[in-house]
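Asks: I'll drop the sequence and a predicted model, then ask my questions.
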Amino acid sequence: MDNCRTLRFPQLAAVAVLILVAAGAALASDLSGEITAEYVGQRGIGEWCYTLAVTWQNEPNRGLSHLNLSLGAGTDCSESEINSDVLWGVNAGMVISSDFTREILCLAQYEGNGDPSLNITEPVLKFEPHPGSIRGPGAVGWGRLVFYSDKPPAQIVTPNSFLSQKFGTYSSFGQVTGVFPALPCDPVASQESAWGEVKALYGAR
């Protein structure tokens with residue numbers, strides 16, 4: 001499946017989150033994600049489409065409240081740099097639970113002061129169900145977050161704990177692997193990639 005095409009929304013929004021919650025319950029909290037890149041040229045809002053595939057497993061009856069993608073404790077990126085080079089929208093897609101078939105709208109926003117509820121002080125991209133939703137996502141699930149940039153991919157440094165989630169009064173952190181746009185500032189501790197290597201890996205022209 002081509003996530004960059006199938007998860008695109010008609011409004012001027014570059015981020016789309018589609019979370020499908022699986023049946024069953026987890027014995028312990030677990031959170032992880034991987035970001036991949038595809039060169040789309042003029043087919044997208046930006047020349048590169050980035051897809052974050054994320055999974056979570058929480059204790060029974062501990063549904064996901066919200067999810068964060070941290071830009072890293074050492075980032076020197078300003079809000080204007082993020083808004084210029086990483087394109088996303090407020091309407092971030094839909095959430096579907098295995099025991100609740102109605103779609104739930106998710107919202108996305110940049111939080112320059114982090115997430116005080118999780119004691120995170122660095123900037124994050126935050127994703128959560130619409131406050132008017134009847135209910136939220138379940139305790140076990142997976143999702144895809146799609147965003148665009150004109151910047152080519154750079155490898156994310158590991159190990160890290162750039163993913164975080166809150167479920168009820170609890171929280172957990174997880175690692176993100178893969179790539180992130182190579183911005184002039186330093187988001188998510190990305191390693192620079194030579195343009196020749198980028199073209200070889202992703203088929204860019």
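Replies: Perfect, thanks for sending it. Residues are numbered from 1 along each chain as shown.
Asks: which residues in the protein form helices?
Replies: 3-6, 79-85, 195-202 (DSSP state H).
Asks: which stretch in these is the model least sure about?
Replies: Set side by side, the helices of the chain give their lowest mean pLDDT on helix 195-202, at a mean of 44.
Asks: burial of I134, as a residue count?
Replies: Per other Cβ atoms under 10 Å, the neighbour tally for I134 reads 9. C-beta here means a position set from N, CA and C on the backbone, and glycine is covered the same way.
Asks: Next: G178.
Replies: A count of nearby residues for G178, using other Cβ under 10 Å, gives 18.
Asks: what's across from it in the sheet?
Replies: Going by DSSP bridges, G178 is paired in beta bridges with I35.
Asks: just C49 next, same as before
Replies: E38, Y148.
Asks: how close does the nearest residue in space to G136 that is not next to it in sequence get to S161?
Replies: Leaving aside its sequence neighbours, G136 sits nearest to P129 (Cβ to Cβ, 6 or more residues apart in numbering; 4.6 Å). P129 sits 23 Å away from S161, going by Cβ to Cβ, to the nearest Å.
Asks: Same check on L67?
Replies: From L67 to S161 the distance is 13 Å (Cβ to Cβ).
Asks: out of these two, which sits in the more crowded spot?
Replies: Taking neighbours as other Cβ under 10 Å, L67 and S161 compare with L67 leading, 29 against 14.
Asks: isn't that one right next to L125, touching?
Replies: No - using Cβ atoms under 8 Å, L67 makes no contact with L125, being 9.0 Å away.
Asks: list the contacts for the residue lying closest to S164 once chain neighbours are set aside?
Replies: Nearest non-adjacent residue to S164, counting by Cβ to Cβ, 6+ apart: N68, 4.5 Å away. Contacts of N68 were listed using Cβ atoms under 8 Å, 6 or more residues apart in numbering, and they are 111, 115, 118, 120, 124-127, 163-165.
Asks: in the sheet, who's paired with N68?
Replies: Applying DSSP bridges, one finds that N68 bridges with K126, S164.
Asks: Would you map the strands across this structure?
Replies: For the chain, applying DSSP state E gives strands covering 16-21, 30-39, 48-57, 66-70, 91-97, 100-111, 124-129, 140-149, 153-156, 163-167, 170-181, 190-191.
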